[in-house]
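J.: let me see the structure of the following:
(one chain, ligands or ions: 1)
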Amino acid sequence: MIYKTLKGFSDIYGDDISLWHSLESIISNLMNLYGFSEIRTPILERTELFIRGVGDASDAVGKEMYTFNDKSTPPESISIRPELTAPVARAFIQHDIGKQQLITKWYYVGASFRYEQPQKGRTRQYHTFGVELIGSHSAIADAEVISIGYDLLKLLGINNFKLRINSLGYKEERIRYREALVDYFNSIKSQLSEDSKNRIESNPLRILDSKNEYDAIACVDAPSILDFLNEESLEHFNRLKNLLDENEVEYIVDKRLVRGLDYYTRTVFEFQTKSLGSQDALGGGGRYDNLIAEIGGNQTPATGFGFGMERLILVSKLENGLNVKGNNCFVYIVSLGEKAQLISSRLAHKIRLSNKSVEMDLMNRSMKAQLREASKLNCKYVIIIGEDEIETSLALVKNMETWEQKNIAFDEILNELNF
Ligand code: HAM
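T.: Just a heads-up that it's a prediction; the model follows:
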């Protein structure tokens with residue numbers, strides 16, 4: 001039996017890992033510029049956190065969550081996180097962060113799991129880069145978060161994307177809107193897909209972002225949430241638009257954007273691309289002013305987003321943003337024979353302790369094979385230690401960029417590696 005990764009899971013290695021490192025370093029620099037600090041939460045949480053926090057009407061929790069009973073008595077229902085906003089909100093409450101500071105700015109990069117049908121840009125284990133800005137009611141917090149996403153895409157050389165924004169108001173506004181939607185969808189029921197027909201009563205808002213083409217046509221004349229917003233919500237939305245204009249962040253107001261998770265209030269947004277086929281969301285998020293209270297904390301406003309790391313890498317690669325970095329080998333030590341190996345090994349250790357990278361032969365290969373390897377690795381220096389060198393206690397050191405070469409005493413090599 002040859003073991004393979006589970007369907008929808010993958011190993012990351014080789015050139016890809018270099019892209020991941022570049023992306024991670026762009027993210028941590030950007031987060032530094034915006035003053036966000038990192039939070040790492042566990043992969044497992046109580047199932048109830050996601051049911052209460054995200055809502056089991058959402059696909060991520062209701063249909064796609066990996067859930068099991070642990071070994072305690074009585075057993076407890078545990079879930080592998082399908083997203084990270086609810087865990088971060090849980091951490092905010094658990095550590096009483098709201099009492100220590102007015103505003104909390106956290107970011108994270110971590111694995112998330114959803115039992116979905118894998119396809120291009122969609123896997124069962126994926127990684128999220130997310131930010132959560134907790135404590136501000138103001139539209140300026142939404143604008144700040146959206147600007148981070150916008151800057152990230154630009155830094156990754158991703159230009160073919162659209163930012164869509166909408167407002168979902170608060171519960172009372174949504175209840176009135178929902179009634180109008182149910183009436184509308186019932187009046188055109190025969191034009192809807194079977195899935196959407198079943199959603200008219202349970203989750204009519206989700207019909208608005210159905211990927212089915214007949215649903216899309218049927219939704220063109222659907223009532224707009226923006227006509228159901230109260231004055232404050234409208235003002236919040238207008239303020240957000242002004243701030244984005246001021247920051248030169250281009251956006252489209254999309255009255256059909258509803259997002260798949262249940263905790264959103266007022267602002268929602270999504271960065272979409274055409275490069276990933278039907279999986280068009282590079283990232284998305286919004287305001288969730290009631291989530292923290294709903295899972296047991298004080299009423300605390302918050303806003304944030306999540307980007308799929310795999311999707312960012314795929315699209316950045318397509319648009320020639322992220323490139324695989326060459327290796328950074330500084331020295332290759334060619335050694336011939338057991339005695340030379342001892343000297344090489346000691347030398348390699350010394351050079352590495354001085355913070356320079358060293359590669360050497362680990363298979364007793366011929367001089368020719370070792371030199372071939374050194375040239376493949378693009379090292380700056382090659383040091384050769386063979387029988388002649390042992391006899392004279394002088395190694396042959398070559399600068400591979402200038403082709404200069406010198407004979408240097410073994411103990412002096414470290415000091416001399418700068419010609
Ligand atoms: P989400 O839209 O469910 O939001 O996921 C965020 C991003 O994760 C998506 O835009 C997409 O790029 C990526 N993603 C989601 N599912 C998959 C998958 N199966 N395979 C690959 N990539 C995927 C959230 O999770 C919210 N927690 C975002 C948020 C943070 N809202 C407020 N704060």
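J.: hey, let's count contacts and neighbours off CA atoms from now on
T.: Noted.
J.: who in the stretch 251-400 of the chain is up against the ligand?
T.: 281-286, 303-308, 311 (Cα under 6 Å from any ligand atom).
J.: so which of those residues sit within helices?
T.: Arg311 (DSSP state H).
J.: now for the residues of the stretch 251-400 of the chain next to the ligand: which two are most distant?
T.: Spatial extent of those (Cα to Cα) is set by the pair Thr303 and Arg311 at 21.9 Å.
J.: between the two, who's got more neighbours?
T.: Comparing Thr303 with Arg311 by other Cα atoms under 10 Å, the one with more neighbours is Thr303, at 31 against 24.
J.: residues contacting that one?
T.: Taking Cα atoms under 8 Å, 6 or more residues apart in numbering, we find Thr303 in contact with Glu132, Leu133, Ile134, Ala141, Asp142, Val145, Gly285, Gly286, Arg287, Tyr288, Asp289.
J.: rerun at 10 Å
T.: 85, 105, 131-139, 141-146, 264-268, 285-289 (Cα atoms under 10 Å, 6 or more residues apart in numbering).
J.: again, but for Gly304
T.: Gly304 neighbours (Cα under 10 Å, 6+ apart): 85, 105-107, 130-134, 141-142, 144-146, 149, 268-269, 284-288.
J.: got a list of contacts for the top helix by length along the chain?
T.: If you go by DSSP H, the chain has its longest helix at helix 15-34. By Cα under 10 Å, 6+ apart, the list of residues contacting helix 15-34 from outside reads 11-13, 35-38, 105-109, 129-131, 144-145, 147-149, 151-152, 155-156, 309-310, 312-314, 316-317, 322-327.
J.: look up phi and psi at Leu163.
T.: Main-chain dihedrals, Leu163, degrees, to the nearest 10: phi -100, psi 120.
J.: from Ile97, how far off is it?
T.: 31 Å (Cα to Cα, to the nearest Å).
J.: out of these two, which sits in the busier spot?
T.: Neighbours were counted for Leu163 and for Ile97 using other Cα under 10 Å; Leu163 has more, 22 against 14.
J.: so the more buried one touches Lys241, yeah?
T.: No. Taking contacts as Cα atoms under 10 Å, Leu163 lies outside contact range of Lys241: 12.0 Å.
J.: between the two, what contacts are shared?
T.: Joint contacts of Leu163 and Lys241 (Cα under 10 Å, 6+ apart) are Val249, Glu250, Tyr251, Ile252, Val253.
J.: ok, so of the residues you listed, who is nearest Lys171?
T.: Using Cα to Cα, the shared contacts of Leu163 and Lys241 come closest to Lys171 at Val253, 20.6 Å.
J.: what subset of the contacts of Thr303 is buried?
T.: Taking 16 or more other Cα atoms under 10 Å as the criterion, what is buried in these is 85, 105, 131-137, 139, 141-146, 264-268, 285-289.
J.: the residue lying closest to Leu371 once chain neighbours are set aside: what secondary structure?
T.: Among residues not flanking Leu371 along the chain, Val334 sits closest, at 7.1 Å (Cα to Cα, 6 or more residues apart in numbering). Here Val334 is recorded as strand under DSSP: H, G, I helix; E, B strand; the rest coil.
J.: for Val334, give me the pLDDT.
T.: At Val334, the predicted lDDT confidence score is 97.
J.: separation between it and Ile80?
T.: Val334 is 49 Å from Ile80, where distance means Cα to Cα.
J.: same question, Asp195
T.: According to Cα to Cα, Asp195 stands 27 Å off from Ile80.
J.: neighbour-wise, which of those two wins?
T.: Using other Cα under 10 Å, the more surrounded residue of Asp195 and Ile80 is Ile80, with 20 against 12.
J.: from memory that one sits against Glu45, does it?
T.: Yes. Applying Cα under 10 Å as the test, Ile80 and Glu45 come out as touching, 6.6 Å apart.
J.: what is the burial count for Glu179?
T.: 12.
J.: one more: Glu172?
T.: Counted with other Cα under 10 Å, the neighbours of Glu172 add up to 12.
J.: one step back: the buried ones among the contacts of Thr303 in helices, which ones?
T.: Thr85, Ala139, Ala141, Asp142, Ala143, Glu144, Val145, Ile146.
J.: how close does the nearest residue to Thr85 once chain neighbours are set aside sit to Gly306?
T.: In space, and not counting its chain neighbours, Thr85 is closest to Glu132: 7.4 Å by Cα to Cα, 6+ apart. Note on Glu132: its distance to Gly306, by Cα to Cα, is 9 Å.
J.: stretch 84-96 - what's its average pLDDT?
T.: 98.
J.: returning to that earlier point: hmm, the residue nearest to Thr85 is touching Val145, no?
T.: Yes. Under the criterion of Cα under 10 Å, Glu132 makes contact with Val145 at 8.1 Å.
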